[in-house]
Every structure is written in structure tokens, then in C-alpha cells.
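**Q** fold the following and give me the result.
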Amino acid sequence: MADVTLYQFPGAYGLVSLSPFCTKLEAYLRLAGVGYEAKLGDPRRAPVGKLPYVKLGDALIGDSSTIVSVLKTRFGDPLDASLDARDHAVGHLARRTAEEHLYWGLLHARWVDDRAWNGGYRDTIAGMLPAPTRAFLPALLRRGVRKSLHAHGLGRHAEAEIARRGTEDLDAFVALIGERAFLFGDAPSSYDCSVYAMLAHLRATPTEHPLVVAFRERPTLAAYCDRMNERIAWPT
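**A** Numbers count the residues shown, from 1 in each chain. The predicted structure is shown next:
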């Protein structure tokens, strides 16, 4: 019997979920050896109105970082137990960079960039929606993402500036990984799950957005994603 039920968005582009936060959480579950069952989720039923969320016992828990903290308390901390205080500090900064900044660049590449939107991303979103809403809801969702990007601040800039700032994040991760297999050595940590998820989603997004192109020009990041995929051993 599974220890956890994971509720998330469906997969696309060869990823287990279209959401990097869902990918992050499922990567953590697999690497930490926590038994789980993955199901399609409905954000309207989620504790914080977003996916992913999990059912653990009788409790529903939302927010990927909160969920990881709860899982560590319940099942132990096999990924991060060997990290020292400095590692945790660096990991915290890396996770924040990935989830609170690079993520917004990914959103721009997928939702705002007409090359991605008209090149298949709209159809991917539409395919996940109930049939009666497919004709109109993708455009409404896109409008909402644009507003969120503007409210965040990154979306107020031109595409070139958004890409430049995101590329700074990519270069920081290249430097942080260096010659190591993972962020802190030969084994992945929970922080790797966050960084990997954002990079893997950039890699998989079919567009010539300059931020996605910047990822392709940094083979260190692709090799890092390959090593994470091998360790995670995604189901086929």
C-alpha cells in the first residue's frame, strides 16, 4: 500500500507532469524511497488551491516545499542528512533561485512567447481541459499568467531582458554544479529536485525562446539533468 497519494497535473513533453513543482515532488518521492501513488489532481480541491498536493493518512497537504518538510519528518531525511549548515544555506538559495525566479522565466517561455504558444503549448493545455472549455479557456488562462508575470515584476520587462536575467540563473547553476555530479557531491539532495525540475522543464519546452536556447548552449546543465533522470529512474 502506498504511503502517499500524490495529486498532480498530467504529463507532457516526456515529463511526468506539465508542472515543474509536481515534477520536483515526484522526483523527491522516488529518490527518498517513499512509496506513493500518483493521480490526476484538481486545483479546486487542493489545500492551497494549487497542484501538487498529497494525501498522507487523513491529511491533505499542499505546497511542494511544505510537503517535502512533512515527508522528512514522517519518513526520515535520506537525501539531506549528510549536509552541513553551509550546504543547507547554499541549497536554500539555489532552490529559491529556481522556484522564485527561473520559474517565471519558464512561464514566459511557455505562456507568453507566441512561438511556444502557437507551436503547440496552447493545444497541450487545451488537451488537459474538459471538452466544452477547450475553445476559450486556454486564452483566459494565458491572460491570467500574463497578469501574474506582470505582478511578479519579471513580466514587465522585454523578452531579451527576461532571458538575460534567467541566463544569469543558468550560469549560477553551471558554476554551482562545477565538476560535481550533483549540487553537493555524488548523491542528489532535496535541493537538486528543485533545481532539476526547473531545468528539465526548460529543456523540454519546444520553443526558440532565448532562455530555452541559453539552456541548450550549456551542456553542463543537460548532463546534470541526465544524471538526475538516471537516479530518479522515471517509470516508462
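**Q** going forward, measure contacts and count neighbours with C-alpha atoms only.
**A** Fine.
**Q** which positions within stretch 156-171 qualify as buried?
**A** Across stretch 156-171, burial judged by 16 or more other Cα atoms under 10 Å covers Glu159, Ile162, Ala163, Arg164, Arg165, Gly166, Thr167, Asp169, Leu170, Asp171.
**Q** who's in contact with it?
**A** By Cα atoms under 8 Å, 6 or more residues apart in numbering, the surrounding residues in contact with stretch 156-171 are 97-98, 101-102, 105, 149-150, 154-155, 210-211, 214-215.
**Q** these: which two are farthest apart?
**A** His150 and Phe215 (23.6 Å; Cα to Cα).
**Q** those two - which one has more neighbours?
**A** Neighbour count, other Cα atoms under 10 Å: between His150 and Phe215, Phe215 has more, with 20 against 13.
**Q** how close does that one sit to Leu15?
**A** Look at Phe215 and Leu15: by Cα to Cα, to the nearest Å, they are 17 Å apart.
**Q** ranges for the helices of this structure?
**A** 20-32, 64-75, 85-97, 103-107, 114-116, 122-127, 137-152, 159-177, 190-204, 210-216, 219-232 (DSSP state H).
**Q** shaky segments in the chain?
**A** Using pLDDT under 70 as the threshold, the predicted model of the chain has low-confidence ranges 1.
**Q** how is it divided into domains?
**A** 4-75, 85-232 (automatic domain parsing).
**Q** hang on, the earlier thing: redo the helices of the chain as TSV? Include distance to Leu51.
**A** Below are the helices of the chain laid out as TSV (distance: least, Cα to Cα, whole Å):
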stretch	distance to Leu51
helix 20-32	7
helix 64-75	8
helix 85-97	18
helix 103-107	15
helix 114-116	23
helix 122-127	15
helix 137-152	15
helix 159-177	24
helix 190-204	15
helix 210-216	24
helix 219-232	21
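**Q** without its sequence neighbours, what residue ends up closest to Val4?
**A** Taking Cα to Cα, 6 or more residues apart in numbering, and ignoring the residues beside it in sequence, Val4 has Tyr36 as its nearest neighbour in space, at 4.5 Å.
**Q** how far away is the one you found from Leu56?
**A** The gap separating Tyr36 from Leu56 is 10 Å, by Cα to Cα.
**Q** common neighbours of the two, please.
**A** When contacts are counted by Cα under 8 Å, 6+ apart, Tyr36 and Leu56 are jointly contacted by Asp3, Val4, Thr5.
**Q** give the contact list for the second one.
**A** The one in question is Val4. Val34, Gly35, Tyr36, Glu37, Val54, Lys55, Leu56, Gly57.
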